[in-house]
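Trainee: What shape does this take:
(one chain, ligands or ions: 1)
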Amino acid sequence: MTRHDPPLSEADPEIARLIRDEERRETDKLRLIPSENYVSRAVLEATGSVLTNKYSEGYAGKRYYEGQQLIDQVEELAISRLKQLFGAEHVNVQPYSGSPANLAVYLAFCQPGDPILGLGLPAGGHLTHGWNVSITGKYFRSAAYGVRESDQRIDFDQVRSLAREHRPKLIWCGGTAYPRAWDFARFREIADEVGAKLVADIAHIAGLVAGGAHPSPFGIADVVTSTTHKTLRGPRGGVVMCRAELARDLDRAVFPGLQGGPHNHTTAGIAVAAGEALRPDFSEYAARIVASARALGEALLSRGFRLVTGGTDNHLLLLDLTPKGIPGKPAARALDAAGIVGNYNSIPFDPRKPFDPSGLRIGTPALASRGMGPAEMVHVARWIDEVLAAPEDTRVRERVAGEVRELCAGFPPPGILT
Ligand code: DSN
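Mentor: As a prediction, the model looks like this:
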């Protein structure tokens, strides 16, 4: 008997067309959102596999469903590759993404109402580090450190004094819009002084850490959390890593504390991405992300742009557009129309509201994955400058969009076969 099981293009042409159009968009535009990337064809294949069909609550060798002969191997491969990549003692690959990974840390080590300390959202932190609109700011007594007004770098005097005042159970370091290297050892000193656990959220910089382009928190932080889809270049997922003695509490927090069955297709994609990150060319990619971000920053500075902290040590740049006389949101929209995709973002001490802030956040991971490097950043800076000098001018946008397409045609992205 033949079963009618048509390909997507026949079964659902509407969705198929939207996917094809997204492939075209990702091919023709310069994707500068620093938390985005391109996965390889191999990661896409693993993520779109039959592993999505299987339930497997529990952990390898201790599942609540039969039929885990192959799933256990997939999960164990993902774990062992990540251990090798980061030098981690214990790895849990089941969190659905970064926020659930962070929630698992709270569930493992805190009681509702406990004090915690994290970088405030307006200074570049993440919602789940205790910001007030997040469950982590509602269910825990959170305090937020920030950056110094003078140089927009982490204010360690404030971290120490808030830690002494609040005696947090957890101190979070890591963020989403902080363009400088994290000094994990200084956080460790403060955490030790007040008896807190130190948690490093390396979601943005995991690929840089893996590739040796950013200092590693392993051996310093008690727990390290991450997403798997940013600089690490895997599928959308999350991971929690820790010292061996914390493993049991963290595993129990992920399952059964927070989640049901893991997404096995994602786990397979994470395993493939971790395998890719273990190859020598991954370090070259990580170094090129940072070199490109620096080159882009220097080219923008020479064109009169203001960069928060004056530059970058990592993959991202936060532009304060105030001197250019345009807020972040219309700037991001004009740039998108010209084929350059970033996101509007608050800057530290922003006088404007989060939904209409002064800043623009851009980064280089996706460009580096296409093979671009510092030489191409000179053009990117020029185009950003030209578009923002005349954000309403459709002729400028169209010309730049054409030039962007031309550059992009020479750097086909991984994973897209068009
Ligand atoms: N949404 C992510 C980012 O763009 O940085 C943070 O979770």
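Trainee: List the buried residues for the longest helix seen in the chain?
Mentor: Longest helix of the chain, by residue count under DSSP state H: helix 280-302. Neighbour counts over helix 280-302 (16 or more other CB atoms under 10 Å) mark 282, 285-300 as buried. Using the backbone N, CA and C atoms, a C-beta is placed for each residue, glycine as well.
Trainee: cool, and stretch 409-418?
Mentor: Buried-residue list, stretch 409-418, by 16+ other CB under 10 Å: 413-416.
Trainee: what two of the residues you listed are the furthest from one another?
Mentor: Pro414 and Ile416 (7.3 Å; CB to CB).
Trainee: Mind listing the shared neighbours of the two?
Mentor: Tyr38 (CB atoms under 8 Å, 6 or more residues apart in numbering).
Trainee: Helix, strand, or coil at the closest residue to Phe156 other than its chain neighbours?
Mentor: Beyond its immediate neighbours in the sequence, the residue positioned closest to Phe156 (CB to CB, 6 or more residues apart in numbering) is Arg186, lying 5.6 Å away. Assigned with DSSP: H, G, I helix; E, B strand; the rest coil, Arg186 falls in the helix class.
Trainee: and the gap between Arg186 and Leu121?
Mentor: 21 Å (CB to CB, to the nearest Å).
Trainee: Could you check which of those two is surrounded by more residues?
Mentor: For Arg186 versus Leu121, the count of surrounding residues by other CB atoms under 10 Å is larger for Leu121: 22 against 15.
Trainee: Which residues of the stretch 101-250 of the chain lie near the ligand?
Mentor: 126, 176 (CB under 6 Å from any ligand atom).
Trainee: In the stretch 101-250 of the chain, which residue sits nearest the ligand?
Mentor: Closest approach of the stretch 101-250 of the chain to the ligand (CB to the nearest ligand atom) occurs at Thr176, with a separation of 3.6 Å.
Trainee: which other residues reach the host helix or strand of Val387?
Mentor: Assigned by DSSP states H and E, Val387 falls within helix 374-389. Defining contact as CB under 8 Å, 6+ apart, one finds that helix 374-389 is touched by 30, 32, 288, 291-292, 294-296, 299-300, 302-303, 305, 321, 324, 326, 331, 334-335, 338, 340, 362, 364, 367, 396-397, 400, 403-404, 407, 411.
Trainee: What mean pLDDT does it get?
Mentor: Average pLDDT, helix 374-389: 98.
Trainee: For the remainder of this discussion, apply numbering that starts at 418.
Mentor: Let's use 418 as the start, then, which means that last one is helix 791-806.
Trainee: Sketch out the low-pLDDT regions of this structure for me.
Mentor: Applying pLDDT under 70 to the chain picks out residues 418, 835.
Trainee: repeat that for 90
Mentor: 418-420, 834-835 (pLDDT under 90).
Trainee: Nearest residue to the middle of it?
Mentor: His621 (3.4 Å; CA atoms, centre = their mean).
Trainee: that older thread, distance of the residue nearest to Phe573 relative to Asp609?
Mentor: Arg603 is 11 Å from Asp609, by CB to CB.
Trainee: Now do the SS call for Gly651.
Mentor: For Gly651, the secondary structure call by three-state DSSP comes out as coil.
Trainee: quick revisit: can you list the helices and strands that the longest helix of the chain packs against?
Mentor: With contacts defined as 3 or more CB pairs under 8 Å, 6 or more residues apart in numbering; DSSP states H and E, helix 697-719 has these neighbours: helix 623-627, strand 723-724, strand 733-737, strand 776-780, helix 782-786, helix 791-806.
Trainee: okay if I get the ones you listed as JSON lines plus mean neighbour count?
Mentor: Below are the helices and strands packed on helix 697-719 laid out as JSON lines (neighbours: other CB atoms under 10 Å):
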{"stretch": "helix 623-627", "mean neighbour count": "27"}
{"stretch": "strand 723-724", "mean neighbour count": "18"}
{"stretch": "strand 733-737", "mean neighbour count": "26"}
{"stretch": "strand 776-780", "mean neighbour count": "28"}
{"stretch": "helix 782-786", "mean neighbour count": "27"}
{"stretch": "helix 791-806", "mean neighbour count": "19"}
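Trainee: Let's have those in TSV, adding distance to Pro529.
Mentor: Shown next, in TSV, are those (distance: least, CB to CB, whole Å):
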stretch	distance to Pro529
helix 623-627	29
strand 723-724	40
strand 733-737	34
strand 776-780	33
helix 782-786	36
helix 791-806	45
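Trainee: Minimum distance to Ala694: which of these has it?
Mentor: Closest of the helices and strands packed on helix 697-719 to Ala694 is helix 623-627, at 4.8 Å (criterion: CB to CB).
Trainee: Leu449 contacts Ala755, doesn't it?
Mentor: No: counting by CB atoms under 8 Å, Leu449 does not reach Ala755; the two are 11.7 Å apart.
Trainee: Quickly list what's touching both of the two.
Mentor: Counting by CB under 8 Å, 6+ apart, Leu449 and Ala755 have no contacts in common.
Trainee: related to what we said a few turns ago, mind checking the SS state of the residue of the stretch 518-667 of the chain closest to the ligand?
Mentor: Per three-state DSSP, Thr593 ends up coil.
Trainee: thinking it is in contact with His621, fair?
Mentor: Yes: at 6.2 Å, Thr593 counts as touching His621 under the criterion of CB under 8 Å.
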